[in-house]
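K.L.:
after the sequence you'll find the predicted model.
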Amino acid sequence: MAHVEIAHLTHVLPDGRPLLNDVSFRIGEGVKAALVGPNGAGKTTLLRLIAGDLQPVEGSVTSSGGLGVMRQFVGGLRDSSTVHDLLLSVAPPAVRQAAERLEQAELVMMERDDEKAQMRYAQAITDYTDAGGYDIEVLWDTCTVAALGVPYDRVKYREVSTLSGGEQKRLVLEALLRGPDQTLLLDEPDNYLDVPGKEWLEGQLRETPKTVLLVSHDRQLLANAADRIVTVESGGVWIHGGGFTTYAEARRARNERLDELRRRWDEEHAKLKALVNMLKNKARYNDGMAAAYHAAQTRLRRFVEAGPPEEAPSDQHISMRLKGGRTGKRAVICEGLELTGLMRPFDLEVWYGERVAVLGSNGSGKSHFLRLLAGEPVAHTGVGRLGARVVPGHFAQTHARPELLGRTPVDIVMSEHALDKSQAMKRLARYELAGLVAEQRFDTLSGGQQARLQILLLELSGATLLLLDEPTDNLDLASAEALQAGLDAFDGTVLAVTHDRWFAADFDRYLVFGSDGRVYESPHPVWDESRVVRAR
């Protein structure tokens, strides 16, 4: 039986702020549950508590069937870590421990080849065999062939840093899904995967008999693969027993019910206080009312001690006021444009007000194309230029903004847009970046907070052409929806590179950067070119 059970879990941040308070829930055998909630609500912390990376202040965690863990940053080992190290990091504990002893014995053998070292080495080999080490290496061979197209023996010493983020994720997912652990914790497993990779993951999650608890911001993946939605908000947790398609309505109904219960509690509280006061006044002049007064006091005390019902979590109020402005009819003109070594020459015209989704495989030149239009130096031939009165605003996928490092959001908004502190705070508040967050350094913000700040900077820049590179990658559900609403109201042109199927559905045109170097338009999103070829 594979399950995860959390009982009365409480966690406090190093600065003393409570993050999770008396959290309890259970994920039963074979269930595929998704953790959702605002950026910073504690989703990753909760996974780390379950995995044993952190210890709670109070409460307990139990699981069965072995626990396989994919952390948010799968390549976060030492700089020289290899594919072998990466696969070993997600192996069962017994294999990891036996492998460590074997490595130590091998090092001793290299220093001195005496009988004692040989005996230690022989014992380490036996222990590794008994732990299932050589059996799991056979499994790893299947994983590296599936993820990288190369047998394990040929790639085991390759440094992880030479793999793309998508290759690292796919390799770890292959190992966990094929491995012996029957309970899996997956923190943003879909990040860096292209759409065919996400569709592969969805299929694997649907088919595996394992119990899975995952964190994801991909709304399509949630809709296709999760049968339970576990919401982390306001320090607590609640579970929606249906899928993601009915989640928004279920959350709305739950909050309305909690609001009604709180309203009734407040009304009853007010009535009891009024009754106590009335009986208190009467008891001053009538000794016969003393017993009724004391009984009312006791009733009020017990009512207050029982406490009010759970308060409905406050909704995120993110308001993205992307204004834009009128430009010439043609916003983007490309004539025989070729980014050196990445694509064949192509022509393109994008008209004022259009929403163009830029699709294609990793490495096909999409991000370079946006950088060129943003005015950055990108090697190319042909023409790629902007129309009259077009002011570009660029959102970088990597959030790479070295000029923002070490600075706080309030300082950035004040200094770059000539606002006083009160004005800056008002604008940050619309993006849920006020309060303590406004005084944090940019490099300490979560990925979602960095993304929201960069969108605010686009708003304040007066850009009439938005060049967005994977803008929803780190945004929580409410922020992604706020961005879509903001783009709907934007009076300008949008080009967005995306692998977000839910987000892409809102666009007018689809520009596909093909793996064969062709750049072409499609009447609908193209996520897997092999399907297009078969359809032809």
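P.N.:
The structure has been received and is ready for your questions.
K.L.:
please make it C-alpha for all contacts and neighbour counts, starting now.
P.N.:
Will do.
K.L.:
and Asp53, helix, strand or coil?
P.N.:
Using DSSP: H, G, I helix; E, B strand; the rest coil, the structure places Asp53 in coil.
K.L.:
tally of neighbours for it?
P.N.:
The local packing count at Asp53 equals 11, with neighbours defined by other C-alpha atoms under 10 Å.
K.L.:
ok, now Lys366?
P.N.:
In terms of burial, Lys366 registers 23 neighbours under the definition other C-alpha under 10 Å.
K.L.:
ok, now the one 3 residues further on?
P.N.:
By other C-alpha under 10 Å, 20 other residues sit near Phe369.
K.L.:
pop the domain breakdown of this protein in here.
P.N.:
3-242, 249-306, 330-535 (automatic domain parsing).
K.L.:
so which of the ones you listed gets nearest Ser319?
P.N.:
Of all the domains of the chain, domain 330-535 sits nearest to Ser319, with 5.1 Å by C-alpha to C-alpha.
K.L.:
mind checking the pLDDT average for the closest one?
P.N.:
Taken as a whole, domain 330-535 carries a mean pLDDT of 88.
K.L.:
for Arg321, which non-adjacent residue is closest in space?
P.N.:
In space, and not counting its chain neighbours, Arg321 is closest to Gly486: 5.9 Å by C-alpha to C-alpha, 6 or more residues apart in numbering.
K.L.:
who touches the one you found in this structure?
P.N.:
For Gly486, the contact set (C-alpha atoms under 8 Å, 6 or more residues apart in numbering) comprises 319-322.
K.L.:
ok, Ser60 next?
P.N.:
Counting by C-alpha under 8 Å, 6+ apart, Ser60 touches 6-9.
K.L.:
again, 10 Å this time
P.N.:
When the contact criterion is C-alpha atoms under 10 Å, 6 or more residues apart in numbering, the partners of Ser60 are 5-10, 23-24, 49-50.
K.L.:
just the ones of those residues in helices?
P.N.:
Judged by DSSP state H, the subset of those located in helices is 49-50.
K.L.:
report the secondary structure state of the residue nearest to Arg321.
P.N.:
helix.
K.L.:
swap in Met425?
P.N.:
Three states are possible here, and by three-state DSSP the one that applies to Met425 is helix.
K.L.:
tally of neighbours for it?
P.N.:
Using other C-alpha under 10 Å, Met425 has 21 neighbouring residues.
K.L.:
per-residue confidence at the nearest residue to Gly235 once chain neighbours are set aside?
P.N.:
For Gly235, the nearest residue in space outside its immediate sequence neighbours is Leu20; the separation is 4.3 Å by C-alpha to C-alpha, 6+ apart. Residue-level confidence at Leu20 comes out at 92, pLDDT.
K.L.:
wait, what's in contact with Leu20?
P.N.:
When the contact criterion is C-alpha under 10 Å, 6+ apart, the partners of Leu20 are 8-13, 41-43, 45-46, 56-57, 232-237.
K.L.:
ok, now with 6 Å
P.N.:
Taking C-alpha atoms under 6 Å, 6 or more residues apart in numbering as the contact definition, Leu20 lies against 10-11, 235.
K.L.:
show me what it bridges to in the sheet.
P.N.:
Judged by DSSP bridges, the bridge partners of Leu20 are His11.
K.L.:
next one: it from Val145, what distance?
P.N.:
Relative to Val145, Leu20 is positioned 41 Å away (C-alpha to C-alpha, to the nearest Å).
K.L.:
who wins for neighbours among the contacts of Gly486?
P.N.:
Neighbour count (other C-alpha under 10 Å) singles out Leu322 as the most crowded of the contacts of Gly486, with 26 neighbours.
K.L.:
distance of that one relative to Leu386?
P.N.:
Computed with C-alpha to C-alpha, the distance linking Leu322 and Leu386 is 20 Å.
K.L.:
what does Val413 give?
P.N.:
Remark: distance between Val413 and Leu386 (C-alpha to C-alpha) = 27 Å.
K.L.:
same check on Tyr285?
P.N.:
Note on Tyr285: its distance to Leu386, by C-alpha to C-alpha, is 87 Å.
K.L.:
how about Val237?
P.N.:
48 Å.
K.L.:
more neighbours: which of these two?
P.N.:
When Val237 and Leu386 are compared on other C-alpha under 10 Å, the one with more neighbours turns out to be Leu386, at 21 against 18.
K.L.:
which non-adjacent residue is nearest the more buried one?
P.N.:
Nearest one to Leu386, counting by C-alpha to C-alpha, 6+ apart, is Val332 at 4.6 Å.
K.L.:
what's the answer for Leu428, then?
P.N.:
With C-alpha to C-alpha, 6+ apart as the measure, Ala434 is the residue that lies nearest to Leu428, at 5.2 Å, once sequence neighbours are left out.
K.L.:
this completes my enquiry, with thanks.
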